[in-house]
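Undergrad: Next comes the sequence, and after it the predicted model I'd like to discuss.
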2 protein chains.
Amino acid sequence: MGASKTNLFTKKQNELAAMAKAIAHPARIAILQELIKTDACICGDLVSDIGLAQPTISQHLKELKLAGIIQGTVEGARVCYCINPKIWQKYRQFFSEFFVAAGDSAKEGCC
Amino acid sequence: MGASKTNLFTKKQNELAAMAKAIAHPARIAILQELIKTDACICGDLVSDIGLAQPTISQHLKELKLAGIIQGTVEGARVCYCINPKIWQKYRQFFSEFFVAAGDSAKEGCC
DNA sequence: ATAATTAATCGTAATATTGCAATAATATAA
DNA sequence: TTATATTATTGCAATATTACGATTAATTAT
């Protein structure tokens, strides 16, 4: 079928999965790291830094924007992208929570 | 084309992306949470708890196992799955590192 | 041995993702 | 205006993912 049965899961499970999906591509990881490193970034710079075609980068930026994790503002002919700090912190917290959850029970490994 | 150009990215970027991909599905999140909650779990229990067909669950388990985040041991006719604590901690650390990185620079939001 | 239980694998259909050439849209420069 | 620069969108091909019925493999119960 190719489509997840989202109705079987809780809102939080779907949300966390969607967050993970947003960063589940090395290009998107690279974009985010570049935005962090340079604090803000023109789309064209990302195209030259990462070796993918401009439409491909544009598409990844669109996905990251859709996930809320970045924001872009038009600056003349260019677009400046940067991290959305609020959503970033939300990601940070969600993932942290998720991984902390197993902290106690998974210490030994059962099988 | 449908295949990531992994050669353009660092080993760590690819690794983190692969980790994110491993948990980028609500069923796999649900499986992991169930394994944490019950400490260990028979495959069949996951099938009844989550509403997906047995082959589908089996496939998700295979992916999680491939990613190293869970392990399974045969117990007679059943298979007992549980978190692999070592890899779990690695995930925890990788994601933590990644999200901490932006802590300072992304405080304000640039655009 | 036969039946029942449990999980993995195979095969396949439906859908999603990745990547890019070509094009469009928008803004700036000449 | 016309040309140039920058980014978004469209359309398409290649590949990957998700889901499950049917089957297989392995173990346990009768």
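TA: The structure has been received and is ready for your questions.
Undergrad: Let me see the ranges of the helices in chain A.
TA: A:11-22, A:26-38, A:43-49, A:54-66, A:85-100 (DSSP state H).
Undergrad: in chain A, which helix or strand is least confident?
TA: In chain A, the helix or strand scored least confidently by mean pLDDT, DSSP states H and E is strand A:41-42, which has a mean of 88.
Undergrad: Pick out the residue of chain A closest to DNA strand D.
TA: Taking CB to the nearest atom of the strand, DNA strand D has its nearest neighbour within chain A at A:Gly44, 2.5 Å off. Glycine gets a C-beta too; all of them are placed from N, C-alpha and C.
Undergrad: burial measure for that residue, as a count.
TA: As a burial measure, A:Gly44 scores 13 neighbours (other CB atoms under 10 Å in any protein chain shown).
Undergrad: pLDDT score assigned to it?
TA: As predicted, A:Gly44 sits at a pLDDT of 93.
Undergrad: And for A:Ser105?
TA: Listed pLDDT for A:Ser105 reads 54.
Undergrad: just the one 4 residues further on next, same as before
TA: The score at A:Gly109 is 60. That number is its pLDDT.
Undergrad: show me what contacts the residue of chain A closest to DNA strand D?
TA: By CB atoms under 8 Å, 6 or more residues apart in numbering or on different chains, the residues touching A:Gly44 are A:Gln54, A:Arg78.
Undergrad: now it: how far from B:Ala27?
TA: 39 Å (CB to CB, to the nearest Å).
Undergrad: Cheers, nothing more for now.
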